[in-house]
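J.: please find the sequence and the predicted model below.
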Number of protein chains: 2
Amino acid sequence: MSTSISIFDTTLRDGTQGEGISLSADDKLKIAKKLDDLGVHYIEGGIPGSNSKDIEFFKRVQELGLKAKIVAFGSTRRKDSIAAQDVNLQRILESGAQAATLVGKSWDFHVHTALQTTLEENLSMIYDSIAFLKQGGMEVIFDAEHFFDGYKNNPDYALAVLKKAEEAGADWLVMCDTNGGTMPHEVHEIVSTLHSQLTRSQLGIHTHNDCELAVANTLSAVQAGARQVQGTINGYGERCGNANLCSVIPNLQLKLGYDFLGDIKLKQLYNTARFVSEIANVNMPVNQPYIGNAAFAHKGGIHVSAIMRDSRTYEHIAPELVGNKQRVLVSELAGQSNVVSKAQELGISLDPSSEEARGVIGRIKELEHQGYQFEGADASLELLIREAGGEIKEMFSFESFKVLVEKAADRPVVSEAFLKLNVAGTSVYTAAEGNGPVNALDNALRKALSQYFPALQDMHLADYKVRVLDEKDATAAKVRVLIESKNFEDVWSNVGVSENVIEASWEALLDSFRYALLEVPAPKNEQTEPTHQGLVNH
Amino acid sequence: MSTSISIFDTTLRDGTQGEGISLSADDKLKIAKKLDDLGVHYIEGGIPGSNSKDIEFFKRVQELGLKAKIVAFGSTRRKDSIAAQDVNLQRILESGAQAATLVGKSWDFHVHTALQTTLEENLSMIYDSIAFLKQGGMEVIFDAEHFFDGYKNNPDYALAVLKKAEEAGADWLVMCDTNGGTMPHEVHEIVSTLHSQLTRSQLGIHTHNDCELAVANTLSAVQAGARQVQGTINGYGERCGNANLCSVIPNLQLKLGYDFLGDIKLKQLYNTARFVSEIANVNMPVNQPYIGNAAFAHKGGIHVSAIMRDSRTYEHIAPELVGNKQRVLVSELAGQSNVVSKAQELGISLDPSSEEARGVIGRIKELEHQGYQFEGADASLELLIREAGGEIKEMFSFESFKVLVEKAADRPVVSEAFLKLNVAGTSVYTAAEGNGPVNALDNALRKALSQYFPALQDMHLADYKVRVLDEKDATAAKVRVLIESKNFEDVWSNVGVSENVIEASWEALLDSFRYALLEVPAPKNEQTEPTHQGLVNH
């Protein structure tokens, strides 16, 4: 049996059925290009019969000249009608896509309940629709919806459905666990049985994550003979999502020794996942397998000292294989070795026994004792380490702020910030409103700095977290604020701690701007007479 | 073979090794109580040998009288030493826990590289440590670290490790996939082999999610004979996390037909997961299997019309089995029955079909849509229900506040609040400072009210939590504030939501005082000339 697997990406179709995921035609084109770079073999772009956005995608994607096959999705013809007259099937043919995914029913319960037709008519719908698209010259992938539920309920009928699709000329028969309720051992049994009975078409697998088993079910099906794997980047999809290709691909290649038609560029997984999450505007879970920021992050002290000896002690693969990297979290659970290896990661050599190293380690310990936590605030840690090395050239200095929040019973709340900075020897005084006090401060700070440093206009805050450190004292307790910032290339996080939530937020905010300015050249004195309205120079 | 499975929760130990998860002793006690309510059999609380926070937990958890066994975690004795003189082992014995998890090496590579000792000495370390704890009267669970990597590298040695632990009297032999790199078929093969060779101790499984297979590997091990399952709520844990009990438990019970020693209250899974995520201050992924808010959410079209006919068409289980609910479109179905039963609990009869009931249910739905969550804010819910019944006599009304926060580079931050209320027809104007803006508001409110209502002097804020609701907008996003208040008799919680953290805090603060005054008689007019200094009457 061939060990070559085809990767079928449905991020642009099934992925967009996930809650909170919505992609424009432009977004879809950008992602298609990125998927093609990664090396997937099929890119399912959408449903040409459903909306003009998808019709536009199929038209414009042809101009990109991608290597991957573009796939259009649709259902079998309506009951009691003629395939050639079915508008949705016509749209698929006209889309310009090389391949079509045709979804049909294989669970008798669904034929009766959802389609409200006979088992015989459903078989005709499948046969006619596939034959029509094959006559039109397309490669046809038949997605047998609810296949496993169908097979468990009525194996003869489920098998008859696949045989009918094969007879009509389907290139692929894909078994779908549409509701995501099937167990891996069942998938293995059922696919093995079918693999011995269906010999003309190749088999594929499409799973959902409702039992947290989509990846496992995909592997089970491949081990039983399936050769096409359908899934999405980051596992986006209806309800709990689809099989996550960012886990499926490295599992198949690195763990099970399969290879792929053509070449999947495994090292690009990390960037591809981030690119798609940015376009979809969904945060990446920090603990995502293989490509999450915590996937190779070590916190326990014993773990850290062991990976310093040999990283295989607590890493199942070399993180670089998927484009990720090892991180050492500096936290209460760890010690000096974490700081030293963090400095190494930043390209700063820090001799553990030097005065300088002891200084920064002492400072970090002192700050941690005050409630700072650097494991989620890499940028603050980097600022501390670079400061210790005398490497930071400050671009501005803080003088003062005032924040005023006013609320009357019958009127909306008003938040204002008044901020004084010194930039390149000039005092800069700004005022701004905001949705809340921190937003007002953020607005004032950006207003003050962005005309000296235009690069800051691309930067925005992506996440803001507040944590009360000692609950016993409630509103008089210390709070820790974590701020995540982003620009087109990077994501970085800063921390602030204070008994005052505004002061803690300010500290994190200030450091996120200082970090953004690490690589930026200092403003010349000639530039210090800005004309931006709202900016007042003294 | 028995089909009864023991659930071993390590949220409080391995869970806290996840990035961004940090729990105080108080947090741990609250979670332990909730886990006990759920019905887990073992609660691993921490490492008594590592820090004073965990020692405090083990001491205080004994006062809770939980049904679950409390477990203390530690490593085998140091090399070339005596178990009885090992401080960490002594701490485990002294912790008061009924059971101990003892972790030992089973991968020869780790014995050489991390422990830097001989294979023989490692066996002695395991034997001595287990025997010492057994002599001390504890149940001993032996966690064989890196068992699968060890077995694949040197099966004889890995087996010898388990046999030595069995010989020393270990009650459980738990095979750990510490690096999370093992495939489900390998787990099945290896556990099956061992199950036939180890007959005195029972087998357990501990997996990590580095390949997105922690749940599948756990199921594989159980199907091969393991009878203890280790995992965490929401899958928190080192790197990519541990096996997620919120998926493992329903898979075992609903899909594979296993039962549990004692009784796991499956319907409480949804609430337990949310409670733990609130305490840990980590957002729940919307697409989390079984208990995520999108797990049974259906986007428009074909799926929705099919589930209206029969929800089995697109749901693999009835969501109520795990305490979740079906969602269609965006509407939050804040269970009508919840509201009615809450009213009953408060002794208010609320006919579900009455105008009054529909009114309060409509209001709650609207507030939930805005981001309020009443699961953790019973007192706010009670105020809403009593309001609907016309049962609340307001003791004061809010007129306005101003909050001012000032900070200069060389001076400490200053926070002041100015508050205007109306109490019994009199305008009361107070000013107060605080450690932060919310503390200043709290001080001003207490100052204004406590001399009209002396009972408020016994009340204080016990917990304060801030949660960002939509991370995409960062500092312009809505925040939800939860405040827990206490007096000598009661504990109650209130919620506030706003784009402005000060306004959200104010709303929760105000309601916590309103709630405290529910049982208090109204002030007489004679009392409205208070003499408290700092209080200004107009």
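T.: Received the coordinates, thanks.

J.: which helices and strands does the strand or helix carrying A:Phe513 pack with?
T.: Here A:Phe513 sits within helix A:501-516, counting by DSSP states H and E. Secondary-structure packing of helix A:501-516 (3 or more Cβ pairs under 8 Å, 6 or more residues apart in numbering or on different chains; DSSP states H and E): helix A:378-388, strand A:396-408, helix A:437-449, strand A:460-468, strand A:479-486, strand A:491-498, strand B:396-408, helix B:437-449. Backbone N, C-alpha and C define where each C-beta goes, glycine included.

J.: hey, least reliable of those by pLDDT?
T.: Per-stretch mean pLDDT for the helices and strands packed on helix A:501-516 is lowest at strand A:460-468 (a mean of 78).

J.: next one: that strand to chain centre, how far?
T.: Taking Cα atoms, centre = their mean, to the nearest Å, one finds strand A:460-468 lying 19 Å from the centre of the chain it belongs to.

J.: and chain A, what are its domains?
T.: A:4-280, A:297-388, A:396-537 (automatic domain parsing).

J.: identify the bridge partners of A:Tyr42.
T.: A:Phe8, A:Lys69 (DSSP bridges).

J.: can you point out the buried residues in stretch A:252-268?
T.: Buried residues in stretch A:252-268, counted by 16 or more other Cβ atoms under 10 Å in any protein chain shown: A:Leu252, A:Gln253, A:Leu254, A:Lys255, A:Tyr258, A:Phe260, A:Ile264, A:Leu266, A:Gln268.

J.: hmm, back to that, deepest of the domains of chain A, which one?
T.: domain A:4-280 (a mean of 21; mean count of other Cβ atoms under 10 Å in any protein chain shown).

J.: now do the contacts for A:Asn251.
T.: A:Asn251 is in contact with A:Val215, A:Leu219, B:Met183, B:Cys211, B:Glu212, B:Leu213, counting by Cβ atoms under 8 Å, 6 or more residues apart in numbering or on different chains.

J.: quick revisit: could you dump the buried residues of stretch A:252-268 into CSV and include pLDDT and secondary structure?
T.: Shown next, in CSV, are those (pLDDT from 0 to 100; DSSP: H, G, I helix; E, B strand; the rest coil):
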residue, pLDDT, secondary structure
A:Leu252, 97, helix
A:Gln253, 96, helix
A:Leu254, 96, helix
A:Lys255, 97, helix
A:Tyr258, 95, coil
A:Phe260, 91, strand
A:Ile264, 92, coil
A:Leu266, 95, helix
A:Gln268, 94, helix
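
J.: those residues also near chain B: which ones?
T.: With Cβ under 8 Å from any Cβ of the partner chain as the criterion, the buried residues of stretch A:252-268 include A:Lys255 near chain B.

J.: closest to chain B out of the buried residues of stretch A:252-268?
T.: A:Lys255 (5.6 Å; Cβ to the nearest Cβ).

J.: next one: the residue lying closest to the closest one once chain neighbours are set aside from A:Thr118, what distance?
T.: Nearest residue to A:Lys255 in three dimensions, chain neighbours excluded: B:Met183, at 5.6 Å (Cβ to Cβ, 6 or more residues apart in numbering or on different chains). Between B:Met183 and A:Thr118 the computed distance is 43 Å (Cβ to Cβ, to the nearest Å).

J.: ditto for A:Gly15
T.: A:Gly15 is 34 Å from A:Thr118, by Cβ to Cβ.

J.: what of A:Phe132?
T.: As judged by Cβ to Cβ, A:Phe132 and A:Thr118 stand 21 Å apart.

J.: correct me, but A:Ala297 touches B:Gln17?
T.: No. Assessed by Cβ atoms under 8 Å, A:Ala297 is found out of contact with B:Gln17, at 10.2 Å.

J.: off-centre distance for the helix or strand that contains A:Ala432?
T.: If you go by DSSP H and E, A:Ala432 is part of strand A:426-434. The chain centroid and the centroid of strand A:426-434 are separated by 36 Å under Cα atoms, centre = their mean.

J.: I'd like to know which of the contacts of A:Asn251 is nearest to A:Phe488.
T.: B:Glu212 (28.8 Å; Cβ to Cβ).

J.: which residues does the closest one contact?
T.: By Cβ under 8 Å, 6+ apart, the residues touching B:Glu212 are A:Val215, A:Asn244, A:Ser247, A:Asn251, A:Pro289, A:Tyr290, B:Cys240.

J.: mind checking pLDDT for A:His532?
T.: 37.

J.: I meant to write A:Pro523 there.
T.: Listed pLDDT for A:Pro523 reads 68.

J.: and the buried residues of stretch A:252-268 as JSON lines, adding distance to B:Pro454?
T.: Output for the buried residues of stretch A:252-268, formatted as JSON lines (distance: Cβ to Cβ, whole Å):
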{"residue": "A:Leu252", "distance to B:Pro454": "71"}
{"residue": "A:Gln253", "distance to B:Pro454": "72"}
{"residue": "A:Leu254", "distance to B:Pro454": "69"}
{"residue": "A:Lys255", "distance to B:Pro454": "68"}
{"residue": "A:Tyr258", "distance to B:Pro454": "75"}
{"residue": "A:Phe260", "distance to B:Pro454": "75"}
{"residue": "A:Ile264", "distance to B:Pro454": "72"}
{"residue": "A:Leu266", "distance to B:Pro454": "70"}
{"residue": "A:Gln268", "distance to B:Pro454": "68"}
